Structures are given as structure tokens and as C-alpha cells.
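Asker: sharing a model that was predicted from the sequence below.
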Amino acid sequence: MQEEIKEMQERIAFLQRHIEQQDRAFLELSKEISVLSQRLARMEGRVNQLGSNEEGPPADTKPPHW
């Protein structure tokens with residue numbers, strides 16, 4: 001009986017460490033996603049700004065000689 005209790009305690013300790021490691025990994029991923037989302041929003045803003053400043057026919061139209 002004591003051996004079973006000891007084994008369960010070891011398993012619980014292992015699982016607790018594993019959960020803490022996962023929590024740290026998720027926190028890091030969340031930070032990275034936040035940074036990347038901000039960068040994407042800035043890039044989209046730049047692309048939209050460049051697109052609105054552009055004059056002439058849209059890029060997806062065929063030239064007149066086609």
C-alpha cells in the first residue's frame with residue numbers, strides 16, 4: 001500500500017511539473033502571437049496605404065493588347 005501511495009505521489013509530481021512547463025510554453029506562444037498580430041496589422045496598414053496611393057489601372061486587369 002505504501003509503495004502504491006509513493007508511486008501516485010511521484011506521478012502527481014511529474015504531472016505538476018509537466019503542467020507548469022506547458023503553462024510557460026503557452027505563455028510564450030501567446031506573447032509571440034501578440035507580437036506577430038501587431039506586426040501583421042502594421043504591414044496590412046502599409047499595404048493598404050500603398051494601394052490607395054497608387055494611380056492607374058488595378059494590377060489584376062489585363063493590358064489592352066491582350
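Answerer: Thanks, I have it. Residues are numbered from 1 along each chain as shown.

Asker: so H65, which of the three states?
Answerer: coil (DSSP: H, G, I helix; E, B strand; the rest coil).

Asker: count of residues packed around it?
Answerer: 4 (other CB atoms under 10 Å). C-beta coordinates here come from the backbone N, C-alpha and C atoms, glycine included.

Asker: what does K31 give?
Answerer: Counted with other CB under 10 Å, K31 comes out at 10.

Asker: any low-confidence regions in the chain?
Answerer: 54-59, 66 (pLDDT under 70).

Asker: all the helices of it, in order from the start?
Answerer: 2-53 (DSSP state H).

Asker: if I look at the spatially most central residue of it, how far off is M43?
Answerer: Centroid check for the chain by CA atoms, centre = their mean gives I33 as the closest residue, at 3.3 Å. As for I33, its distance to M43 is 15 Å (criterion: CB to CB, to the nearest Å).

Asker: try S30
Answerer: 20 Å.

Asker: ok, now F14?
Answerer: According to CB to CB, F14 and M43 sit 43 Å apart.

Asker: what is the burial count for K62?
Answerer: For K62, using other CB under 10 Å, the count is 7.

Asker: could you do Q38 as well?
Answerer: 10.

Asker: list the contacts of it.
Answerer: With contact set as CB atoms under 8 Å, 6 or more residues apart in numbering, Q38 has no partners.

Asker: do the same with T61
Answerer: Counting by CB under 8 Å, 6+ apart, there are no residues that T61 touches.
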